[in-house]
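1. what follows is a predicted protein model with its sequence.
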Amino acid sequence: MNDELLEQQVREIARRIARGDAPGSLHTRVAAIPYEHPRRQLASRHLPPLRLGVAVAASVILAVVALLLVSTLPPNDVLAPGATSQATPSAALTPSPPASAAPAPTLATSVPILLPDGLTNKAWAEMGPLEATAPYAVGLLDNSAHLTLPSNERVLAVGDGRVASETTAFDTIVVRDVASGQRVAQYAQPGAHILLGALGTSDLYFVMQPVASSPASGVYTLDLASGQVTTLLAPDAGRNSLALSPSGKTLVSEIGFPASSPVTELDIINLPSGTHTRIQVQGTAQVVSDALVVTYDARNLYAYLLASGRTAWTIPDLLFDRGYLTTDGARLVMQTGMDPNTVGAGRGLPAGAQTQHISIASMSSGSLRTLVTVASGRPAYYLWTQVSGDTAAVLLTPAGFPQQEFQIGGGALSASVLDLATGKVTPHALTITQASPTGSP
Amino acid sequence: MAPHDRAAAPGEPEAAFVHLVEAHLDAAYRLATFILAGDRSEAEDAVHDAALRAWEHFGDVRDRERFEAWFSRIVVNACRDRIAKRRLRPVALGDPDMGAAPDHADALVRSDAIERAMLALSPEHRVVVALRYIEDRSIQEIAVCTGQRPGTVKSRLHYAMRELRAALEAEAREVV
C-alpha cells in the first residue's frame, strides 16, 4: 500500500472513530459555564479576606434561598419502569414577572413569497449570520417576517408560527409570535435552569431544573393564553430530550444521558388524560407519534409501541441524520447516510464512497421508500425539518447547516423543494432572505 | 477571518464566549474522542474541562480570530491531563458505537487492523494523528496546538504512520 492510500485510510478510520457531534448534554454544560462560573467569582481567590468572607456569606444566602424555592415544589415522583401513574397537572409555580421585563427583538417585514402547497405557515429559527449582534434569527418561510432575537436569548423551540426562547441566564422563557414579534407569554423562575422546550398550539412544554446546581429536572407546561405553569412530571432525574407528537397529544422526555448506556428510559405523557408511562428502549428518542416512538442508537433505527414498550420494527444499518413526522404521524421523512466501511459493508459500495438518501418510512411497518439518492462526491442535501411539510420537504443545497448557508449567501438561503409524492426535486425553488431589521415591535 | 470569529459586542463576554465555543464544540469533541481512544464520556468531560479553562482565561484572548487554535490547544491539554490521571480503556472492536460490521471483506479486515493499531498508538502520537487527519491541520498549526517544535511534530507523525503501516502488513501476513 502506498503512502497516499495509507493516509487516505488513516483519515477515514480516524474520522470514523471520532465521528459524531458533541452531545446535547455537552452543549448545555458548556453554555452554562459563564453563568455558573462568573469570572469575577473565579478571581475571588485573589480577594482580600474580608471581601472573600462577604462573597462566601452571599453564597450561603443564595443557597438558602434556593433551598426555600425547592421546598415549595412538589416532591419527587419516581416511577418504576413500565409503571403508570397520573401526572400532576395542577401544581402551579411562581408567577411570571410582568411581560414588559423581556427586551424586544427587532422585527423586519416584507412581501411574502408564494410557497408550494404544504409549506405554508412554517416558521424557522436558526443561528443567524455571525456578524449580526444577536446570534439567533427567526422567520417565516414565506419571508413575510423576520425576527432577530435580543443577544441574551437563545431558541428553545419553534412551531406553529411561534418561537420560544430562553435568556442566557437560563431562568426565563419568552414566547413570541413570529409574524408580529409580539410576546405571547413569559415565565421566569429565578435560580432555575431551563433546558429544553417543545411548542404545541396552545402550550409550551419544557424541561427545567428548579435548582440550577441540581441535575434533577422536571417536565412542565406553560399555558400560552393564561401564562400559568403546571408540573407534568416532578423533578426526579436528569433529562436529555423532549419531543411532542404532531397531534400535540403525546410528549416524550428522555431520562439521563444515554451516551454511556445502551438502554434509555423514556417518560411518555399522554397529555389529554394526564397519564404517564415509563418504558425502556435502545438508543435515543428522535420523533414520537401518538402510538410509536422512534429511537436511534448510531446504527439501527427502532420504533417502539408507546402502550407496551415492545419493538414494532427495526431498520438496521443506517446513519440517521435527521427526520420529521408528517402531521398524521403516519410517515417519517428522513435524511440518512451510508458508510461503506461500516453499515454499508457488503453492499457493493466502492471503498470511500458515502451515499446519502432522503427517504420515507412507514410508521406502521418500517418499510422504506427512497426518494433521493446522492452519490459519493456529489453535494449532499440538508433536510430542513423545521419548515418541511406533509407533501413537500425543504432541502438546502449545497449541504450545510442553515447557519453556514446564511454566511455563504450573505443573509439568504437558497432552498430546493422535494415533492414527497413523486420524489422530484425542484432546485433553488425558494430563497429565504433575512431582511434587515426595521424596528422594534 | 473565519465566519465564527466575530468580536464580542461590548459588555457581552458571556454571550461572545458561548458563541465562540459553540462554533467549535463539535470539532473539539471529535478531537477529544479520538485522543481519548474513542471514550465519548471522557471526551465530553475533557471538552467541558477545556471550556471551563478557556472561560477562566477568556479575558486574555486578544485575537478572537485565533480562538479556534487556542481552544484546540486547551482541549489537547485537557485530554493529556485525563490520560495522565488514569489509564484509559481503548474502545473494543465490535462496540456498536464504533460501527464494526459483521462482514469479513478484505477492506473491512484492513480497516479493522488500522483501527486497532490507531487505538493502540501512544497518546502523543494520537494527538498528532488527530490534528493531522481529523482536523486537517498543517504541521505548523499542529506545532502551535501542541506546543511542540514542527520537527517534533513531523517526527511523531512519521513514527505513528510507521506503526500503522506495520500493523497493516502484519495483518496481511496473517491473512496469507
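-> Nice, thanks for sending it over.
2. where in the stretch 201-350 of chain A is pLDDT low?
-> A:257-261, A:338-350 (pLDDT under 70).
3. what ranges does it have for its helices?
-> For the stretch 201-350 of chain A, applying DSSP state H, counting those that start in this stretch gives no helices.
4. restricting to C-alpha, output stretch A:381-396 in PDB.
-> What follows is stretch A:381-396, C-alpha atoms only, in PDB (Å, rounded to 0.1, in the frame of the first residue of the first chain):
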ATOM      1  CA  TYR A 381     -28.600  17.900   1.000                       C
ATOM      2  CA  TYR A 382     -29.700  19.200   4.400                       C
ATOM      3  CA  LEU A 383     -33.300  18.300   5.200                       C
ATOM      4  CA  TRP A 384     -34.700  21.400   6.900                       C
ATOM      5  CA  THR A 385     -37.100  19.600   9.100                       C
ATOM      6  CA  GLN A 386     -38.500  22.800  10.800                       C
ATOM      7  CA  VAL A 387     -40.100  24.000   7.600                       C
ATOM      8  CA  SER A 388     -40.800  20.800   5.800                       C
ATOM      9  CA  GLY A 389     -44.400  19.500   5.400                       C
ATOM     10  CA  ASP A 390     -46.600  16.600   4.600                       C
ATOM     11  CA  THR A 391     -46.400  16.900   0.800                       C
ATOM     12  CA  ALA A 392     -43.100  18.700   0.300                       C
ATOM     13  CA  ALA A 393     -39.800  18.900   2.000                       C
ATOM     14  CA  VAL A 394     -37.300  21.700   2.000                       C
ATOM     15  CA  LEU A 395     -33.700  20.800   1.200                       C
ATOM     16  CA  LEU A 396     -30.800  23.200   1.500                       C
END
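5. what number of residues lie near residue A:333?
-> Using other Cβ atoms under 10 Å in any protein chain shown, residue A:333 has 24 neighbouring residues. All C-beta atoms are positioned from the backbone trio N, CA, C, and that covers glycine.
6. quick one: it and residue A:423 touch, right?
-> No - using Cβ atoms under 8 Å, residue A:333 is not in contact with residue A:423; the gap is 11.7 Å.
7. from residue A:241, how far off is residue A:219?
-> Noted for residue A:219: a distance of 11 Å to residue A:241, by Cβ to Cβ, to the nearest Å.
8. neighbour count: those two, which is higher?
-> residue A:219 (25 against 20).
9. surely the more buried one is in contact with residue A:237?
-> No - checked against Cβ under 8 Å, the pair residue A:219 and residue A:237 is beyond contact range at 10.5 Å.
10. residue B:136 in helix, strand or coil?
-> What DSSP: H, G, I helix; E, B strand; the rest coil gives for residue B:136 is coil.
11. could you pull out the strands for the stretch 201-350 of chain A?
-> With strands called from DSSP state E, counting those that start in this stretch, the stretch 201-350 of chain A shows them at A:203-209, A:217-223, A:229-237, A:239-244, A:250-255, A:263-270, A:275-282, A:284-288, A:292-296, A:301-305, A:311-315, A:319-325, A:331-338.
12. report the inter-axis angle for the last one versus strand A:292-296.
-> When you say that, I think you mean strand A:331-338. Counting by axes from the mean of the first three to the mean of the last three Cα atoms, to 10 degrees, strand A:331-338 lies at 10 degrees to strand A:292-296.
13. quick revisit: got the strands of the stretch 201-350 of chain A as JSON lines, with distance to residue B:153 columns?
-> Formatted as JSON lines, the strands of the stretch 201-350 of chain A follow (distance: least, Cβ to Cβ, whole Å):
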{"stretch": "strand A:203-209", "distance to residue B:153": "43"}
{"stretch": "strand A:217-223", "distance to residue B:153": "44"}
{"stretch": "strand A:229-237", "distance to residue B:153": "45"}
{"stretch": "strand A:239-244", "distance to residue B:153": "38"}
{"stretch": "strand A:250-255", "distance to residue B:153": "42"}
{"stretch": "strand A:263-270", "distance to residue B:153": "41"}
{"stretch": "strand A:275-282", "distance to residue B:153": "42"}
{"stretch": "strand A:284-288", "distance to residue B:153": "38"}
{"stretch": "strand A:292-296", "distance to residue B:153": "38"}
{"stretch": "strand A:301-305", "distance to residue B:153": "41"}
{"stretch": "strand A:311-315", "distance to residue B:153": "44"}
{"stretch": "strand A:319-325", "distance to residue B:153": "33"}
{"stretch": "strand A:331-338", "distance to residue B:153": "33"}
